[in-house]
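> Give the three-dimensional model of this entry:
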Amino acid sequence: MAKVNKAATTLVLMLSLLIFVSMAESRILVATGITAKTGTVICDIVIGVESGDTCFGIEQKFKLNAKFFNSINPNLNCNALFVGQWVCIDGAAN
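Alright, predicted model coming up:
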């Protein structure tokens, strides 16, 4: 019977530690500003990325500021653009 109690106690302690670490990590992410992006994006005009395009270049070409460009392209990874990728250049985000 002592073995069952020891195993149950160990299990409870391990689960408690797991929950504690998970909660601590989520607080760190929120405190540093990393949160899930929510909201709705309505894109009115899209373009296909061409060879040599960068996010900065697209912003300059269509006279967009970085904050607006990022708000209408919330999941865009500017370090991994590829030819033919659709990028929104006009729309609204909330």
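
> hey, let's count contacts and neighbours off CA atoms from now on
Will do.

> Toward the C-terminus from the least confident helix or strand in the chain by mean pLDDT, list the very next helix or strand.
Within the chain, no helix or strand scores below helix 2-31, which has a mean of 64 by mean pLDDT, DSSP states H and E. Next helix or strand after helix 2-31 toward the C-terminus (DSSP states H and E): strand 41-48.

> Using PDB, list the CA coordinates for that following strand.
Only the C-alpha atoms of strand 41-48 are listed here, as PDB (Å, rounded to 0.1, in the frame of the first residue of the first chain):
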ATOM      1  CA  VAL A  41      -8.400  41.200 -41.700                       C
ATOM      2  CA  ILE A  42     -10.200  42.300 -44.800                       C
ATOM      3  CA  CYS A  43      -7.900  42.500 -47.800                       C
ATOM      4  CA  ASP A  44      -9.100  44.600 -50.800                       C
ATOM      5  CA  ILE A  45      -6.000  44.300 -53.000                       C
ATOM      6  CA  VAL A  46      -3.300  41.500 -53.100                       C
ATOM      7  CA  ILE A  47      -0.200  41.200 -55.200                       C
ATOM      8  CA  GLY A  48       2.100  38.200 -55.900                       C
END
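
> and Cys88, how many residues sit next to it?
23 (other CA atoms under 10 Å).

> what sits against the closest residue to it other than its chain neighbours?
If the residues on either side of it in the chain are set aside, Cys88 comes closest to Val46, at 4.3 Å by CA to CA, 6 or more residues apart in numbering. Applying CA atoms under 8 Å, 6 or more residues apart in numbering, we find Val46 in contact with 86-90.

> Just these: which are in strands?
86-90 (DSSP state E).

> how about a markdown table for these, with distance to Asn77 and pLDDT added?
Below are the ones in strands among the contacts of Val46 laid out as a markdown table (distance: CA to CA, whole Å; pLDDT from 0 to 100):
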| residue | distance to Asn77 | pLDDT |
| --- | --- | --- |
| Trp86 | 12 | 96 |
| Val87 | 11 | 97 |
| Cys88 | 13 | 97 |
| Ile89 | 15 | 97 |
| Asp90 | 18 | 96 |
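
> top of those by neighbour count?
Ranking these using other CA under 10 Å puts Cys88 first, with 23 neighbours.

> separation between that residue and Lys61?
13 Å (CA to CA, to the nearest Å).
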